[in-house]
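Participant: give me a 3D structure for the following:
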Amino acid sequence: MTGRENSCTTAMLAVVNPAAGGGRCGKRAEPELARLRAAGVSLDVAHTAGPGDATALVRAARARGVTRFLAVGGDGTAYEVVNGLLPGPRATIGFLPLGTGNSFLKDYVADDPVAAIARGQTRPADAVRVVHDEGELFSINLFCLGFPANVATLTNRRLKPFGKFGYVLGVLGCLFRHPRRAFPWRANEGIANDARCLFVTFSNSRFTGGNMMIAPKADPADGLVEIVSVGPIGRFATLTTLPRLFRGTLLDHGAVTRHACTRVDFDLDEPIDAVVDGEVVHLRPRSLEVLPHALDVFA
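Facilitator: Numbering: from 1, shown residues only. Below you'll find the model as predicted:
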């Protein structure tokens, strides 16, 4: 992946979610945007007021000819901005992770995100289109079914008031119930799996949930999605396997399989909970496919 200069002189639209990070983004956004302006970046700013606003703001800006965007917030803000850009002509996106984080950005920016945007250099990024019963959505990070999705769903719906401790409670709650089931899928490369598992993820980039590496071999611009599946291990094995996610050694576990492909078809008979780029959704997926170099990312 080679860098290139983004020489467009049209103002970039910064989409700010003031509520991200428990309201921290609303306090931190303006100083960071001021740093960008001081570095010579031309900005227009729009603030969201609720779920779905970022997607609507981006679509409206695209209709006006804007081609460069900045997601200011957490994973949810980034997800909405991406889904405002796609499907559509290739655009450029940057991220100021002022909410709960941005796992995808770790594959692109090793230093200060403001400095990366000010440099104006970009690298291409694939996206993943997920088709479901009600339509389609787009991912740049991962699509996950099983244990992590169960934890995220429980935490999001019932344990948010507990903050970070709520996620720990979510893990413990899901360990107690510990459902393991099949998520039948077939890849266009002739690979298929209909066995019970703890979870299966379809990753475009290496990191998720901050510093967890479920797919350490993923490359967000290679035209492939990484499938990582953990077999139906028990509660104790699940608990002792979790540290591997932070060490990047999950693939060394004997119950883990990994494949890389360009398209996956699902054979699910009902809607299920899933996590897409940190967002909890309830849907019945039909297929997913890689959209090579769908976006450019400030890097």
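Participant: where along the stretch 101-250 of the chain do the strands fall?
Facilitator: In order along the chain, the stretch 101-250 of the chain carries the following strands (DSSP state E, counting those that start in this stretch): 121-132, 135-139, 142-146, 181-182, 185-187, 192-193, 196-197, 199-203, 207-208, 212-213, 225-230.
Participant: dump the residue contacts of Gly84.
Facilitator: Residues near Gly84 by CB atoms under 8 Å, 6 or more residues apart in numbering: Ala54, Thr55, Ala56, Leu57, Val58, Arg59, Arg62, Phe69. Any C-beta I mention is one placed from the backbone N, CA and C, and that applies to glycine too.
Participant: no wait, Leu43
Facilitator: Remark: with contacts taken as CB under 8 Å, 6+ apart, Leu43 is in contact with Ala11, Met12, Leu13, Ala14, Leu33, Leu36, Arg37, Leu70.
Participant: export stretch 116-129 to PDB, keeping only CA atoms.
Facilitator: The C-alpha trace of stretch 116-129 is given here as PDB (Å, rounded to 0.1, in the frame of the first residue of the first chain):
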ATOM      1  CA  ALA A 116      -1.700  12.200  10.000                       C
ATOM      2  CA  ILE A 117      -4.700  14.200   8.700                       C
ATOM      3  CA  ALA A 118      -2.600  17.400   8.400                       C
ATOM      4  CA  ARG A 119       0.000  15.500   6.300                       C
ATOM      5  CA  GLY A 120      -2.600  14.800   3.700                       C
ATOM      6  CA  GLN A 121      -1.300  11.500   2.700                       C
ATOM      7  CA  THR A 122      -3.700   8.600   2.200                       C
ATOM      8  CA  ARG A 123      -3.600   4.800   1.800                       C
ATOM      9  CA  PRO A 124      -6.400   2.700   0.300                       C
ATOM     10  CA  ALA A 125      -8.800   0.700   2.400                       C
ATOM     11  CA  ASP A 126     -11.100  -2.200   1.500                       C
ATOM     12  CA  ALA A 127     -14.700  -2.300   2.900                       C
ATOM     13  CA  VAL A 128     -17.000  -5.200   3.500                       C
ATOM     14  CA  ARG A 129     -20.600  -5.200   2.300                       C
END
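Participant: circling back: who wins for most neighbours among the contacts of Leu43?
Facilitator: With neighbours taken as other CB atoms under 10 Å, the top of the contacts of Leu43 is Leu70, carrying 26 neighbours.
Participant: that residue - nearest residue in space that isn't next to it in sequence?
Facilitator: Closest residue to Leu70 apart from its sequence neighbours, by CB to CB, 6 or more residues apart in numbering: Ala14 at 4.1 Å.
Participant: my guess is that neighbour contacts Leu33. True?
Facilitator: Yes: here Ala14 lies in contact with Leu33, judged by CB atoms under 8 Å, at a distance of 6.0 Å.
Participant: which neighbours do those two have in common?
Facilitator: By CB under 8 Å, 6+ apart, the residues touching both Ala14 and Leu33 are Leu43, Val45, Val72, Leu96.
Participant: can you tell me, leaving aside adjacent residues, what's nearest to the last one?
Facilitator: When the adjacent residues along the chain are set aside, Leu96 lies closest to Val72, with 4.5 Å between them (CB to CB, 6+ apart).
Participant: that neighbour belongs to a strand?
Facilitator: Yes: if the criterion is DSSP: H, G, I helix; E, B strand; the rest coil, then Val72 is within a strand.
Participant: buried residues, stretch 97-113. List them.
Facilitator: Judged by neighbour count using 16 or more other CB atoms under 10 Å, the buried positions of stretch 97-113 are 97-109, 113.
Participant: which residues sit against it?
Facilitator: With CB under 8 Å, 6+ apart as the criterion, stretch 97-113 contacts 17, 20-21, 24-25, 28-29, 32, 71-78, 94-96, 116, 123, 125, 140-141, 204-210, 212, 218, 220, 277-278, 297-299.
Participant: and the helices in the stretch 151-299 of the chain, which stretches?
Facilitator: 164-177, 235-247 (DSSP state H, counting those that start in this stretch).
Participant: can I get the shortest one as CSV, trimmed to CA atoms?
Facilitator: Output in CSV follows, covering the C-alpha atoms of helix 235-247 (Å, rounded to 0.1, in the frame of the first residue of the first chain):
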residue,chain,number,x,y,z
ARG,A,235,-16.0,-22.0,30.2
PHE,A,236,-12.6,-22.4,31.7
ALA,A,237,-10.9,-22.7,28.3
THR,A,238,-12.8,-19.6,27.2
LEU,A,239,-11.6,-17.6,30.2
THR,A,240,-8.0,-18.7,29.8
THR,A,241,-8.1,-18.0,26.0
LEU,A,242,-9.2,-14.4,26.4
PRO,A,243,-5.6,-13.1,27.1
ARG,A,244,-4.5,-14.4,23.7
LEU,A,245,-6.7,-11.8,22.1
PHE,A,246,-4.5,-9.0,23.6
ARG,A,247,-1.2,-10.8,22.9
